[in-house]
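J.: fold the following, please.
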Amino acid sequence: MKGSTYGRAIAALLIAAFLFGATFVVIKSAVEDVGPLSFVAWRFLLGTVLLAAFAIPTGGLIWRHGSLAGVALFAGYAFQTAGLQHTSASNSALITGLYVVITPFLASAFSRRAPSGWTVGGAALSFAGLILLTETYGLRVERGDLLTLGCALAFALHIVLLARFARHHPVVPFTTVQLAVTSGLAFALAFIAEGPGLPPSSVWGALLLTGLAISAGAFLLQIWAQTIVGPTTAAVIVATESVFGVATAWIVLDERLGSAGFVGAALIVVSVVIVILKQRDPTSVVAESVTPAH
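T.: Purely as a prediction, here's the structure:
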């Protein structure tokens with residue numbers, strides 16, 4: 001029975017990773033018809049409502065901590081969604097995954113200690129991978145890739161904040177606050193930058209998929225499975241979302257990586273796995289295993 005439960009947890013994480021990876025293709029198509037901030041606003045409103053059905057957050061502390069983490073989460077998704085207007089779904093999936101590599105450097109800066117050699121080595125691998133991934137443009141990273149790097153930085157900050165705050169709160173209501181803050185900020189900025197109005201009917205399928213099946217459904221799979229297999233295994237398996245992102249972009253959008261791009265993608269994935277496995281800060285690994293930043 002114990003083995004079958006463990007197997008189901010692994011399967012749940014793989015399903016979650018696939019769903020997280022598939023979002024890049026879905027969002028890439030959706031932002032052709034709707035503004036990126038509006039998409040983020042409606043997506044996370046749906047996710048908030050569904051998670052709130054499981055646990056309504058109460059108390060001032062959870063709202064204070066959740067709001068701080070929610071600002072970083074909003075920044076990550078705003079940069080990611082805007083970046084998808086200007087870069088491929090494959091690049092977005094791989095560059096977003098660099099938040100795992102960036103996180104230990106931010107954590108080291110906050111704690112005023114030097115990062116480990118494994119972290120530095122992983123960062124060097126990921127940098128080499130990024131150069132190869134964008135080989136079409138030489139060493140000049142395009143606008144969409146830069147926006148997605150901003151996403152990775154914001155998600156890394158989000159992990160650092162989770163490592164500090166999440167242990168004080170139950171996961172689901174704490175995440176509900178973060179999704180609510182993300183949605184509220186996106187609605188406010190979308191009203192200013194993109195104007196009011198409902199999204200067109202062409203994107204509601206994408207909103208339902210990303211808001212309900214992924215932001216809430218896949219996340220619930222992720223946090224359940226993490227309690228069975230542990231945070232390190234969960235973080236490593238969920239990190240395969242970038243591989244699923246590239247695969248779905250290949251199948252659905254006919255995006256192709258060149259030979260250098262494949263090598264760069266492999267270096268990025270390897271660097272992410274190395275950093276997770278060699279992470280010295282266990283609270284960061286726990287945070288990575290339950291973050292909604294995917």
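J.: show me where the stretch 1-150 of the chain has its strands.
T.: In order along the chain, the stretch 1-150 of the chain carries no strands (DSSP state E, counting those that start in this stretch).
J.: so where is it shaky, pLDDT-wise?
T.: 1-3, 134-141 (pLDDT under 70).
J.: all helices for this structure, in order.
T.: Using DSSP state H, the helices found in the chain span residues 2-30, 36-52, 60-83, 89-96, 99-111, 117-133, 143-165, 171-193, 204-208, 219-229, 231-238, 241-252, 259-277, 282-290.
J.: most tightly packed of those?
T.: helix 89-96 (a mean of 28; mean count of other Cβ atoms under 10 Å). Any C-beta I mention is one placed from the backbone N, CA and C, and that applies to glycine too.
J.: what helices and strands are in contact with it?
T.: If contacts are counted by 3 or more Cβ pairs under 8 Å, 6 or more residues apart in numbering; DSSP states H and E, helix 89-96 sits against helix 2-30, helix 60-83, helix 117-133, helix 143-165, helix 241-252, helix 259-277.
J.: for residue 103, which of those is the nearest?
T.: helix 143-165 (4.4 Å; Cβ to Cβ).
J.: which neighbouring elements make contact with the closest one?
T.: Going by 3+ Cβ pairs under 8 Å, 6+ apart, helix 143-165 lies up against helix 60-83, helix 89-96, helix 99-111, helix 282-290.
J.: can I get the helices and strands packed on helix 89-96 in JSON lines with distance to residue 226?
T.: As requested, the helices and strands packed on helix 89-96 are exported to JSON lines (distance: least, Cβ to Cβ, whole Å):
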{"stretch": "helix 2-30", "distance to residue 226": "8"}
{"stretch": "helix 60-83", "distance to residue 226": "17"}
{"stretch": "helix 117-133", "distance to residue 226": "22"}
{"stretch": "helix 143-165", "distance to residue 226": "13"}
{"stretch": "helix 241-252", "distance to residue 226": "15"}
{"stretch": "helix 259-277", "distance to residue 226": "13"}
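J.: for the ones you listed, which one sits closest to residue 187?
T.: helix 60-83 (10.6 Å).
J.: tilt between that closest one and helix 89-96?
T.: 140 degrees (axes from the mean of the first three to the mean of the last three Cα atoms, to 10 degrees).
J.: now find how far off-centre helix 60-83 is within its chain.
T.: 12 Å (Cα atoms, centre = their mean, to the nearest Å).
J.: between it and helix 143-165, how big is the angle?
T.: Using the same axes, to 10 degrees, the inter-axis angle of helix 60-83 relative to helix 143-165 is 170 degrees.
J.: and the helices and strands packed on helix 89-96: which comes nearest residue 183?
T.: With Cβ to Cβ as the yardstick, what comes closest out of the helices and strands packed on helix 89-96 is helix 60-83 (8.4 Å).
J.: can you name every helix or strand that that closest one contacts?
T.: So helix 60-83, by 3+ Cβ pairs under 8 Å, 6+ apart, packs with helix 36-52, helix 89-96, helix 143-165, helix 171-193.
J.: you'd agree residue 14 is up against residue 236?
T.: No: judged on Cβ atoms under 8 Å, residue 14 makes no contact with residue 236 at a distance of 11.4 Å.
J.: what sits against residue 113?
T.: By Cβ atoms under 8 Å, 6 or more residues apart in numbering, no residues touch residue 113.
J.: quick one: it from residue 100, how far?
T.: 19 Å (Cβ to Cβ, to the nearest Å).
J.: cool, residue 159 as well?
T.: Counting by Cβ to Cβ - residue 159 and residue 100 are separated by 8 Å.
J.: please enumerate the shared neighbours of these two.
T.: What both residue 159 and residue 100 touch, as defined by Cβ under 8 Å, 6+ apart, is the set residue 288.
J.: sorry, back to before: looking at the helices and strands packed on helix 60-83, which is closest to residue 6?
T.: It is, among the helices and strands packed on helix 60-83 and with distance given as Cβ to Cβ, helix 171-193, at 20.0 Å.
J.: just the pLDDT at the residue lying closest to residue 279 once chain neighbours are set aside, thanks.
T.: Distances taken as Cβ to Cβ, 6 or more residues apart in numbering place residue 285 nearest to residue 279, at 5.0 Å, with adjacent residues excluded. Residue 285 carries a pLDDT value of 83.
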